[in-house]
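> Sequence first, predicted model second:
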Amino acid sequence: MTIEMEDARVARDVTGKIDFLRSSIGSLLIGQDEVVDQVLIALLCRGHVLLEGVPGLGKTLLVRALATCFDGRFRRIQFTPDLMPADMTGHAIYDMKEGRFHVRKGPVFTNLLLADEINRSPAKTQAALLEVMQEHQVTIEGKAYALEPPFMVLATQNPIEQEGTYPLPEAELDRFLMKVFIDYPAFDDETRLVRQVTGGELSMAAISSRLNGALDADDIQALQQAAERVTLDDQVLAYAVRLVQATRNASSILKGAGPRASIGLVSAAKAWALMNGRDFVLPDDVKQVALPVMRHRILLAPESEIEGFTPDRVLQQLMQTVDAPRT
Amino acid sequence: MNLTDLQIRAQVRTPWQALDLGVLMGRRWFKALWLAWLVPAVMLFLPLSVIFFDSPWIVAMVLWWLKPLLERLPLLLLSRFLFGENSLRGVDWRQLRSLWLFDCLSALLWRRFDLQRSFRQAVTVLEKQKGRARATRCQTLSYNGGSEAVWLTLVLVHLEMLLVVAGPVLAIMLVGDFVEPDWFWLFDAEGGWPEHVSNAFTLLCMSVVAPFYVSSGFALYINRRVELEAWDLELLFRQIASERKSAGEAAAGATSSVMMLAGTLLLSLALTFMPAAPVMAANPLLDSTPEQSKEEVLVLLEEPPFVIEKEHTRWSLKEFDGVDKEESESDWGSWLDDWDFEPSDGSGVYRVAEVLVWVGILALLVLLARALMRHLNGLEVSEPLEPARTMPQVVMGMSIAADSLPEDITAAVTEALERGDTRVALSLVYRYALHRLVHHHGVAVESWYTELECAQAVRAYETLALEGLFDELTQTWLSQAYAHEAPARGKVEQLLTGLRKVLS
């Protein structure tokens, strides 16, 4: 659907870095180009991602590859029913010899945090992530500790095996910029994947030696700033807000998306425009990111659910009722 | 059959009360009746399943077809239970064979679909009647209770189907949503174990319903016999007779003269005050001829309490009971007046339900007929017609209707460029191009399409030789609209000229 733009509107080094990230992660996570793009959008917007998919589709590999690409730190927390907030954020320990408290920082002090099966922990533990995700800081014993940028949470949840899980509260869901569905790869992709893995071409060690040092955390922050500088026409901004507001008036939706969705939609559209080598946003960019940004922020009316509608289907229908920008 | 051993109170009941009694009887002797049905059925089921292992549907069909025979043993058992015999003592193998074989051909062929089977079964099994005698007997019995027997069959058939369906549904519900096996393999599997298990479950469901079916039908039959043969009166007379006999024996057994005197006096007194005594002792009818008796009876019947005379001073609704019944039946409009909606046995409710069911069926048939007609009409009308597609007048908020565009597009664009308003000029070119594409070249564009979606839709029409001009226009327009970068004047003019040529 895209049309090649005549002139390179974005600085060549920015597009080069984005292409490097895309191709590097894509070479590891075969057949999941859309997922890679959406995760990169979230990274460029300083957002967080909720990944939904059955186990074994490379969610951990994705985060690891992303961390390797910019030499960032990567931590993984396996959420369990007995996980406590302090297990994630850290805590103060009293040192008997020195007679004072030492702060022991938890695994959230990292660049990329993989919260695996986040819905296996009760709400108390999930809520401990709220401050981390929104403020990019952790408070231990009354003192706030800032996290080093870039910081990104990639939480995963399993669409099946819902026994003994705790659905994420609305406030927590709203903190995620995007909800990304990761599905099984197509036949050709899976064939390629199997060939490469069994041939030893796709080992993490070999790839990390190739990728290490190519980018650093500062480069990622530069990309994030470049995404913020993308031009946004008032008409496109109004279009994005109208789209979000339409979710609040639709009869098929019980609870529409909030203002955080509008912010997320515009930020994601800017990042997507940047990833496509443009320094301005098109209505198509907004449309392109509307589903992953809004699908977890709306609550369908019971009658819509009974009729078998999914949030994606409702949102697609809704987009067809909202006028594109008026010029 | 000794009436004095009857385990139920002999009284005339309405058919619905008789059905209730039948259900109670079924509950009381359920185990014995259930086994009497199930054991022969299982003895049939097992060899049949082995023989027709590859075609289990045959097993189910045969068992279902043999239901009239399988119900005979429970019926025999029930008839014994009802008269106080709690076993099948005295019944040998030969009698059992005769029980199953007697009139079995007609029971399994032309009478298989008799909806009053439960009611009429006793005539065959217990009274051992067949042919014309059976038909006459059934006709007599069916006068009161026949329609209730039909309802019994209908209700229990549905109950049985409900049970058969409820088993798999319960299993599915217990398995839950998280396992999603392909349930349809149960229906697709031909000759496999699932179908045999299904047969066994169906057999179990039939065996649970059968005792109640048999006992309810038998209760209707017994009720009709009580009514026809006046068992209640006979039992009452027998009771009176036994009481009198015991009283007589007590009197005769006295030995002393004083006791004899007292007994005689008491007996005389008793005979004096008992209602039957004067009738028996001093009834003049006993001495008269039959003709005289008849005349006296007729005279008696002309007097109260057999004839009640009342004076009515105003008009009231005619009662249709009794002699006027035939007249009322001929008047179809007044059938509702004949109804007693609140009889004591609740049968009025069933009659209302029956009418409602018929009304519902008729309404359903009318609706189906209408839907069918509409469908047929719709096919006739819609088949030759192409689905009408409405051309959008507005795309992305820009009007592309003919009347919104200037007549001389070149002049309008030039004028805008002269003014230095490149955005308006380019907007005119873009709208003109879309207008031509949608309204003259039939490109399918929806009103909610964005610029890139429009470009994609246009590219899908390979017959249009646009030489990439529309893509170029889209790109220029996007830069103008959203990046606020105005193109050179020459480019706008070049695009307009090129597009006018290819879209003319």
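Yep, it's here.

> Find the residue at the geometric middle of chain A.
Closest to where the C-alpha atoms of chain A average out (C-alpha atoms, centre = their mean) is A:V49, at 2.4 Å.

> Surely it and A:V36 touch.
No - the pair A:V49 / A:V36 is not scored as a contact, 11.2 Å apart, by C-beta atoms under 8 Å. C-beta coordinates here come from the backbone N, C-alpha and C atoms, glycine included.

> residue ranges for the helices of the stretch 1-150 of chain A, please.
Along the stretch 1-150 of chain A, counting by DSSP state H, counting those that start in this stretch, helices occupy A:12-28, A:33-44, A:59-69, A:85-89, A:123-135.

> Including mean neighbour count, distance to A:P292 and mean pLDDT, could these go into JSON lines?
JSON lines is the format used below for these (neighbours: other C-beta atoms under 10 Å in any protein chain shown; distance: least, C-beta to C-beta, whole Å; pLDDT from 0 to 100):
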{"stretch": "helix A:12-28", "mean neighbour count": "17", "distance to A:P292": "17", "mean pLDDT": "81"}
{"stretch": "helix A:33-44", "mean neighbour count": "23", "distance to A:P292": "5", "mean pLDDT": "88"}
{"stretch": "helix A:59-69", "mean neighbour count": "22", "distance to A:P292": "15", "mean pLDDT": "79"}
{"stretch": "helix A:85-89", "mean neighbour count": "18", "distance to A:P292": "25", "mean pLDDT": "84"}
{"stretch": "helix A:123-135", "mean neighbour count": "18", "distance to A:P292": "17", "mean pLDDT": "82"}
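
> can I get the CA coordinates of stretch B:19-37 in CSV?
What follows is stretch B:19-37, C-alpha atoms only, in CSV (Å, rounded to 0.1, in the frame of the first residue of the first chain):
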residue,chain,number,x,y,z
LEU,B,19,-52.0,-40.8,34.8
ASP,B,20,-50.8,-39.4,38.1
LEU,B,21,-51.6,-42.6,39.8
GLY,B,22,-49.7,-44.4,37.0
VAL,B,23,-46.6,-42.3,37.7
LEU,B,24,-46.9,-43.2,41.5
MET,B,25,-47.2,-46.9,40.6
GLY,B,26,-44.2,-46.6,38.4
ARG,B,27,-42.2,-45.0,41.2
ARG,B,28,-43.3,-47.6,43.8
TRP,B,29,-42.4,-50.6,41.7
PHE,B,30,-39.7,-49.0,39.6
LYS,B,31,-36.9,-51.4,40.2
ALA,B,32,-38.8,-54.5,39.3
LEU,B,33,-40.4,-52.9,36.2
TRP,B,34,-37.1,-51.4,35.1
LEU,B,35,-35.3,-54.8,35.4
ALA,B,36,-38.2,-56.5,33.6
TRP,B,37,-37.7,-54.2,30.7
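
> can I get the helices of the stretch 1-150 of chain A in CSV with distance to B:L405?
Shown next, in CSV, are these (distance: least, C-beta to C-beta, whole Å):
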stretch, distance to B:L405
helix A:12-28, 39
helix A:33-44, 39
helix A:59-69, 50
helix A:85-89, 62
helix A:123-135, 50
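
> Next, format those helices as a markdown table and append distance to chain B.
Shown next, in a markdown table, are the helices of the stretch 1-150 of chain A (distance: least, C-beta to the nearest C-beta, whole Å):
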| stretch | distance to chain B |
| --- | --- |
| helix A:12-28 | 16 |
| helix A:33-44 | 17 |
| helix A:59-69 | 21 |
| helix A:85-89 | 29 |
| helix A:123-135 | 22 |
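
> Domain parsing of chain A, as residue ranges.
A:9-228, A:230-327 (automatic domain parsing).

> Could you say which one of those comes nearest to B:L35?
The closest of the domains of chain A to B:L35 is domain A:9-228. By C-beta to C-beta, the value is 42.6 Å.

> Spell out for me which residue occupies the centre of chain B.
B:H158 (6.0 Å).

> name the element that one belongs to?
According to DSSP states H and E, B:H158 maps onto helix B:146-175.

> Give the buried residues for that helix.
Neighbour-count burial for helix B:146-175, counted by 16 or more other C-beta atoms under 10 Å in any protein chain shown, picks out B:G146, B:E148, B:A149, B:V150, B:W151, B:L152, B:T153, B:L156, B:E160, B:L163, B:V164.

> how about B:S215, what does it touch?
B:G22, B:V23, B:M25, B:G26, B:W29, B:L33, B:P74, B:L78 (C-beta atoms under 8 Å, 6 or more residues apart in numbering or on different chains).

> Doesn't it belong to a strand?
No - using DSSP: H, G, I helix; E, B strand; the rest coil, the secondary structure at B:S215 is helix, not a strand.

> Give me the nearest residue to it, chain neighbours excluded.
In this structure, B:S215 finds its nearest non-sequential neighbour in B:G26, 3.7 Å apart by C-beta to C-beta, 6 or more residues apart in numbering or on different chains.

> For that neighbour, give its distance to chain A.
41 Å (C-beta to the nearest C-beta, to the nearest Å).

> Report the residue spans of the stretch 51-200 of chain B with pLDDT below the cut-off.
B:178-191 (pLDDT under 70).

> can we see that at 90?
For the stretch 51-200 of chain B, the stretches flagged by pLDDT under 90 are B:52-57, B:80, B:82-107, B:110-111, B:126-132, B:139-146, B:167-198.

> now the stretch 101-250 of chain A
A:101-177, A:180-240, A:242-243, A:245-250.

> and if you look at chain B?
In chain B, residues with pLDDT under 90: B:1-12, B:52-57, B:80, B:82-107, B:110-111, B:126-132, B:139-146, B:167-198, B:227-357, B:370-504.

> Point me to the residue sitting farthest from the middle of it.
Here the centre of chain B is the reference, and by C-alpha atoms, centre = their mean the most remote residue is B:E418, at 82.0 Å.

> Over to that one: give its phi and psi.
Dihedral angles of B:E418 (phi, psi; degrees, to the nearest 10) stand at phi -60, psi -40.

> In contact with it, which residues?
No contacts exist for B:E418 under C-beta under 8 Å, 6+ apart.

> How about A:P149?
For A:P149, the contact set (C-beta under 8 Å, 6+ apart) comprises A:R46, A:H136, A:A217, A:Q221.

> roughly how far apart are the third one and A:F176?
Which is A:A217. Going from A:A217 to A:F176 by C-beta to C-beta, to the nearest Å gives 22 Å.

> More neighbours: those two, which one.
Neighbour count, other C-beta atoms under 10 Å in any protein chain shown: between A:A217 and A:F176, A:F176 has more, with 26 against 16.

> For the more buried one, which non-adjacent residue is spatially closest?
In this structure, A:F176 finds its nearest non-sequential neighbour in A:L50, 4.3 Å apart by C-beta to C-beta, 6+ apart.

> Isn't the one you found up against A:M152?
No - taking C-beta under 8 Å as the definition, A:L50 is not a contact partner of A:M152, at 11.9 Å.

> on contacts alone, who are the packing partners of the helix or strand encompassing B:V297?
Per DSSP H and E: B:V297 is located in helix B:290-301. Contacting helix B:290-301 under the criterion 3 or more C-beta pairs under 8 Å, 6 or more residues apart in numbering or on different chains; DSSP states H and E is no other helix or strand.

> Using PDB, write out the CA atom coordinates for it.
Output of helix B:290-301 as PDB, limited to C-alpha atoms (Å, rounded to 0.1, in the frame of the first residue of the first chain):
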ATOM      1  CA  PRO B 290     -92.400 -56.800  36.400                       C
ATOM      2  CA  GLU B 291     -94.900 -54.600  34.500                       C
ATOM      3  CA  GLN B 292     -96.300 -53.100  37.700                       C
ATOM      4  CA  SER B 293     -92.800 -52.500  38.900                       C
ATOM      5  CA  LYS B 294     -91.900 -50.700  35.700                       C
ATOM      6  CA  GLU B 295     -94.900 -48.400  36.000                       C
ATOM      7  CA  GLU B 296     -94.100 -47.600  39.600                       C
ATOM      8  CA  VAL B 297     -90.500 -46.900  38.700                       C
ATOM      9  CA  LEU B 298     -91.600 -44.600  35.900                       C
ATOM     10  CA  VAL B 299     -93.900 -42.800  38.300                       C
ATOM     11  CA  LEU B 300     -91.000 -42.500  40.800                       C
ATOM     12  CA  LEU B 301     -88.800 -41.000  38.100                       C
END
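
> No more questions from me, cheers.
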